[in-house]
Each structure stands twice: as structure tokens, then as C-alpha cells.
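**Student:** attaching a predicted model along with its sequence, questions to come.
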Amino acid sequence: MRGASEAVALDSDRALAEQVLAGDEPAFRQLYRRHTPRLFLVVLRLVAGIEEDAEDVVQETWLKAVGRLEGFRWEAAFGSWLTAIGINVARETLRRRGRRREVDLPEDHESLRTSGPAPLAALDPVDLERAIRALPEGYRTVLLLHDVEGYRHEEIAERLGVTAGTSKSQLFHARRALRAALGDERKDQVHV
Amino acid sequence: MFDDPRDELSPAEQEAFDALPREQQPPPSLEQRTVALLRAHGHLATPITAAPSRHRWGGMHWSAPWIAGAAAAALAVFASGVAVGQYVGTRNAALVIDANARGSAAELAGHVQRAGSLYVAALASLSQLPDSGSHVARDSARIVALRVLGEAAQEIALLAPDDPLAVAVLRGLNQRSRDQVPTVPSRSVVWY
């Protein structure tokens, strides 16, 4: 069930969106200021922290969103719908720019399972952010959507056009890679 | 195998992910660039009035009354230009018509070719003007061009009554004039 505050925000988004459809620039600016900070950070993480790419993605996302606004049925929150468009645009951008690195499953999953580093007791958000950005794109996308944005595997699968099993396996490897990276970083810090 | 609870996030890891920021302010210039992009795609109205406050560009003060006066002066200059152009055009056209009346079939065909090339070249130049060009001038040129097109199609139909393209153009223009609700008082356009 949707909370009262969310319903008010939704109504307000809808009212602004209707004005935007009539070409109203102040209404667009209001909608932009309300939703862009979240959109910007999501896509910034997806494009590995490259601000220039994130800005391009945000622009293209708004262009697509406003172009499709008339067909939006308001069954989901505007912010979620906008983020979904942003995720697709970010992936298209990565693909276009050739930064996408397909990550194949290692042949021996069990070796990873038994030899991987143990979960870390305490994580610094800056280190965590840096380690996420350094992950290969396939790992990073699934980890961000699942562990940071809170999507379920079925939703990720639908969003990325993969199976839920692929999403689970990517997350498995992403977490292990992340733990390994953060473990190494911690070791480096100890040695310094 | 990827549902193994050992691969789940530890409470500390979960806490670290939850502690990550959810929003980040993009650069302030991104809003303006996004608005400009939406304007360029016709989603937002392009502002046509000057801001009420006084601006200082290039060492000069630009107030709203000053801009209105400048716009009126520009329109007056434009209208004078149109009048002179029409007078000259009418004279030149009259000379061409006179030459046409006395020319051979080959000469007349040559006139048609030259006049047609000029017509297309002028329209091409007009369409390449920046968007900031006068809308009044563009509208006038469009009306003139369509009337020329209609008259030319009529003459082609007389020359070759079975020409399907000429008939189609005439039908389209007739349909358009039937459908169109006049929004401005009819004006006399001298096109040659």
C-alpha cells in the first residue's frame, strides 16, 4: 500500500508532468530538481563514476522520459519509472562507447566459493563506492540494482533482459569480487 | 548454488550498503543543458519575451521597453525590406513574363528550369537559417512558396492533364485550403 506522503508526491509529479506536456518549462525544472539528484547518482555508479557520461545519460534520460510521458500510466512512481529509463540509457551508453566488458562465469564456481575472502567486519563508504565502481560492468550493474537499489532478481532479469539465474550468478561473483577488492585494499592500508 | 546463505550480505555489509548516499547533486549547468535539449526537440516552449529585469550585455543596459522598441524597429525594417523586395521582384517577374511571351519552346523550358532552380535554392537557404530567424519572414515565405507550388501545379496540369503528380499536388493543396481554419486575417501576398 502506498503511503500518504508518497501519494501526495505522486499526485504532485503527475500535476507537474501534465504541465510539462503542455510545454511548461518551470514545471519541468521543478520535476527535474526533484528527481535528478537520485537519477544522477544511480547512473553515475552505473557508468563507473565517470561524471561526463553520467551527465549525458541524465540528459538523454529526461529527453526519453518527456517524450514518453504521455504514455506513462502512473501505475508506478514517476521516480522509479525515470530510474528504469536511466538504467537502460546508461547501459546503452556503455555499450555504445565500448566500455562494456562481458563477464563469463568462471569454470570452477566452487573454488571461488571456498577460497574467497571472508565478509568484512566494517566498511568505509568511500572504499565501498570505489570498489563498486571498479567492478566489471556486468557485476557492477547487478550488484548496484540488487544490493544498493533493492531490486529483486526477477525485476533485474526483466530490466536487463537476462534470466533470474544469470542475475543471481552475477551477484554472487560481484559480491566475491567486491570482498576481494576491499580485503586487498584493507591489507594495503595496514601495510602503509 | 547461488542461493547459498553464506553468500548473503553480513549485517555489517548490509549496513555499509544502506549507508551509501542515495542522491548527489549534478553540476548546476546540467539543468540548463537539459532544458535546452528539450526545447530543441520541441518538448518545451522556447521563451520569446525578455525578462522584466534589466540586463547588461556588452556594456549596454537592455530593459524590456528597450527590447520591445528594438523589436518594433526590426519589424519596420523587415516590412520595408519585404515591400522593396516585392516591388523589385514584381518588376523582374514582369520582364521574365514578357520574355516568356516572346520566347521559343526551348527558351521557355530554359526559363522554367532557371526559375525552378532559384525557387528551390531560395527555399533551401530559408530552411537553413538558424531557428532564431524571423518567424514572420518564414511564414510569409512558406505561404508564398505554397502558392507558387499550387500555381505551378495548375500550369503543369494544363500542359499535361494526365500528370499524376501535378494532380496530387493540386488535390493536396485544395484539401488543405478546405481544412484550414483561418487564424489570421487574409493578407495579400504578391509573389511575382
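**Tutor:** Received the coordinates, thanks. Numbers count the residues shown, from 1 in each chain, chains lettered A, B, ... in the order given.

**Student:** how much space between residue B:45 and chain A?
**Tutor:** 4 Å (Cβ to the nearest Cβ, to the nearest Å). For glycine as for every other residue, the C-beta is placed from the backbone atoms N, C-alpha and C.

**Student:** not counting residues beside it along the chain, what's closest to that residue?
**Tutor:** residue A:23 (4.0 Å; Cβ to Cβ, 6 or more residues apart in numbering or on different chains).

**Student:** mind checking the SS state of that neighbour?
**Tutor:** Using DSSP: H, G, I helix; E, B strand; the rest coil, the three-state assignment for residue A:23 comes out as coil.

**Student:** give me the pLDDT for the residue nearest to residue A:19 when sequence neighbours are not counted.
**Tutor:** Excluding its sequence neighbours, the residue lying closest to residue A:19 (Cβ to Cβ, 6+ apart) is residue A:27, at 3.5 Å. For residue A:27, the model assigns a pLDDT of 95.

**Student:** OK, contacts around the residue nearest to residue B:45?
**Tutor:** B:43, B:44, B:45 (Cβ atoms under 8 Å, 6 or more residues apart in numbering or on different chains).

**Student:** could you check how many residues crowd around the second one?
**Tutor:** The reference is to residue B:44. 23 (other Cβ atoms under 10 Å in any protein chain shown).

**Student:** so who does it touch?
**Tutor:** Here residue B:44 is in contact with A:20, A:23, A:24, A:25, A:28, B:35, B:38 (Cβ under 8 Å, 6+ apart).

**Student:** on that earlier part again, and the helix or strand hosting the residue nearest to residue A:19, which residues are buried?
**Tutor:** Under the criterion of DSSP states H and E, residue A:27 resides in helix A:25-46. Buried residues in helix A:25-46, counted by 16 or more other Cβ atoms under 10 Å in any protein chain shown: A:25, A:27-32, A:35-46.

**Student:** repeat that for stretch A:45-64.
**Tutor:** Result for stretch A:45-64 [16+ other Cβ under 10 Å]: buried residues A:45-48, A:50, A:53-63.

**Student:** filter those down to the ones near chain B?
**Tutor:** A:54, A:55, A:58, A:59, A:62, A:63 (Cβ under 8 Å from any Cβ of the partner chain).

**Student:** format the residues you listed as a markdown table; extra columns: secondary structure and pLDDT.
**Tutor:** As requested, these are arranged in a markdown table below (DSSP: H, G, I helix; E, B strand; the rest coil; pLDDT from 0 to 100):
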| residue | secondary structure | pLDDT |
| --- | --- | --- |
| A:54 | helix | 96 |
| A:55 | helix | 97 |
| A:58 | helix | 98 |
| A:59 | helix | 98 |
| A:62 | helix | 98 |
| A:63 | helix | 97 |
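
**Student:** of those residues, closest to residue A:95?
**Tutor:** Taking Cβ to Cβ as the measure, residue A:95 sits nearest to residue A:54 out of those, at 15.7 Å.

**Student:** pull the contacting residues for that closest one.
**Tutor:** Counted by Cβ under 8 Å, 6+ apart, residue A:54 has contacts A:40, A:43, A:44, A:47, A:90, B:26.

**Student:** roughly how far out does the biggest helix by length in chain A sit from the chain middle?
**Tutor:** Secondary structure of chain A per DSSP state H: the longest helix is helix A:164-191. Taking Cα atoms, centre = their mean, to the nearest Å, one finds the center of helix A:164-191 at 17 Å from the center of the full chain.

**Student:** tell me the buried residues in it?
**Tutor:** A:166-179, A:181-183, A:185-186.

**Student:** now, which of the residues you listed lie close to chain B?
**Tutor:** A:168, A:169, A:171, A:172, A:175, A:176.

**Student:** the first one contacts residue A:156, doesn't it?
**Tutor:** Spelled out, that is residue A:168. No. The pair residue A:168 / residue A:156 is not scored as a contact, 9.2 Å apart, by Cβ atoms under 8 Å.
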